[in-house]
Structures are given as structure tokens and as C-alpha cells.
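Engineer: got a structure for you, letters missing:
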């Protein structure tokens, strides 16, 4: 069993560090990191962190991993305007509005939080990967202008209307499983670049909007109300289909 770090004392002298991985330790006090202002990549996932105020000065950060901690307030992140990748998964966070101006973000992992309001996303138009599974999201309208998205995970949210996704035509991986509320998938019709589509455990009966998705490699339609999958017969590539049991 590897020894884990409890105390960062001494690291404050490593002022030229640009990369630091401290994942999977018992760290709670970030004070020694406060002056490591050359850091660009900082991994702090799987620790015991509650207070991140001392990260506010690390304005050169491009990647920040804070997943699986005990963080509630992310206000100190609002000045980290160079961030391109941010991991916040599995924290007791209910408000993500402080990151609404981090317009360079390309990847955001905010799974397993307690959020329902995603209006903070409307300005983050550079996002290509967005992970929002296991939240309380029902209104997807803030996503409608995120036209650079290639990966979007929204499974395990109380969603019924996916109309705001209609213009996200660069999508390659989309997960809308286990919402139990989606019946109309017409808004997906223009996502002709999709390779992976997960739609299990919904109320879908008609899959004709999928007919032009010639690049699909994986399609999960299980636990729906579908009786006719003949539109899938035109697929030019091998397609793994998990279908229609109820």
C-alpha cells in the first residue's frame, strides 16, 4: 500500500513548477501552493479539500483537477481565465456560476454534483467536452450555442425536452440515458457525425431521426418502447446495437 501525503510543507520552495500531480492523497490544506504561480497543470483529485481560496493566485493554470473532494464554494476559480480543462466531479457544489467567464474552457467535468441551473454555460462556447451526468438538470437551453461540443454526457438527469441540442452538429459522443423522460429525438436528426449514442431508459418509440447517422458505431436503445428498427439497415459500417427490451 502506497504512503499518502497529508502535508504539503516544503513544496512552497518549488517555485518553478509548471506541472504537479497530487491526486489520491489526504491533502486538506493548500497553503503551500499559494505562491507556485508558474503552475500550468495541477491535479488535486481524490483528496480532502474544502477551501480552495489559495488557488486564486495561480492564474497560469491551464488544467485543474479538483474532483472527488469536499468543495462547496468555487468562487476562487473566477480569475483563472487561462483554464482549458477543469475537473469538479463529485463535490457538494450547487452553484457553478463563478466559472461563467472562463471562456477558454474546452473540457469541463461536473458530474455527480447537485446542480440544476446550467445558465453559467451559455458563454463557454469553446467547450468541446462536457460531462454533466448525475445532476438535477432539466432545462438544456443554455447549451444551444455550444456548437463546438463533440462529447456531451447528460445521463441520469430529469430531462424531457432536448430541443436545445438541435444545432450541436459536431457531436460525436452523446449520452442521454436514464432520464426516463425523453420521447422525441427529432432534435438529434442533424447530428450526422455521431459515433456513440446512448438513449437507454427513456420513452422513445420512433427512431427515424437516426436514419442519416451513417457513422454510428455504438447505439444503446434498451429500455424504450421501440418496435421498428428497420431504419438502421442502411448503416455502411459495423454497428453495435443494444436494443429495445422492456
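Structural biologist: Sure thing, it's come through. Every value quoted in this text rests on a predicted model; they were computed, and no experiment measured them.
Engineer: where are the low-confidence patches of the protein?
Structural biologist: Counting by pLDDT under 70, the chain has low-confidence residues at 1, 235-246.
Engineer: residue 220 bridge partners, please.
Structural biologist: Here residue 220 sits in beta bridges with residue 198, residue 242, as judged by DSSP bridges.
Engineer: surely it and residue 178 touch.
Structural biologist: No - if you go by C-beta atoms under 8 Å, residue 220 and residue 178 don't touch, sitting 10.5 Å apart. Just so you know, the C-beta spots here come from the backbone N, C-alpha and C atoms, and that holds for glycine as well.
Engineer: now do the shared contacts for these two.
Structural biologist: Counting by C-beta atoms under 8 Å, 6 or more residues apart in numbering, the shared contacts of residue 220 and residue 178 are residue 200.
Engineer: which residue ranges of the chain form helices?
Structural biologist: Under the criterion DSSP state H, the chain contains no helices.
Engineer: go ahead and flag the most central residue of it.
Structural biologist: In the chain, the C-alpha nearest the mean C-alpha coordinate belongs to residue 131, at 1.5 Å (C-alpha atoms, centre = their mean).
Engineer: if we go by neighbour counts, what in stretch 21-33 is buried?
Structural biologist: With burial defined by 16 or more other C-beta atoms under 10 Å, the residues of stretch 21-33 counted as buried are 22, 25, 27, 30, 32-33.
Engineer: contact partners of it?
Structural biologist: 4-12, 20, 39, 41-52, 54-55, 58, 65.
Engineer: and those, which of them are in strands?
Structural biologist: 20, 41-43, 65 (DSSP state E).
Engineer: now those in CSV, with distance to residue 184 and neighbour count?
Structural biologist: Shown next, in CSV, are those (distance: C-beta to C-beta, whole Å; neighbours: other C-beta atoms under 10 Å):
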residue, distance to residue 184, neighbour count
20, 47, 16
41, 42, 16
42, 42, 23
43, 41, 18
65, 37, 22
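Engineer: for the residue nearest to the centre of the chain, list each beta-bridge partner.
Structural biologist: Beta-bridge pairing of residue 131 under DSSP bridges involves residue 109, residue 153.
Engineer: is it correct that it is in contact with residue 109?
Structural biologist: Yes - applying C-beta under 8 Å as the test, residue 131 and residue 109 come out as touching, 4.4 Å apart.
Engineer: overlap of the contact sets of the two?
Structural biologist: Shared between the contact lists of residue 131 and residue 109 (criterion: C-beta under 8 Å, 6+ apart) are residues residue 89.
Engineer: hang on, the earlier thing: buried subset of the contacts of stretch 21-33, written for ChimeraX?
Structural biologist: The buried subset of the contacts of stretch 21-33, as determined by 16+ other C-beta under 10 Å, is captured in ChimeraX by this line:
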select :8,20,39,41,42,43,44,45,46,47,49,52,55,58,65
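Engineer: next, count neighbours for residue 234.
Structural biologist: Close neighbours of residue 234, defined as other C-beta atoms under 10 Å, add up to 10.
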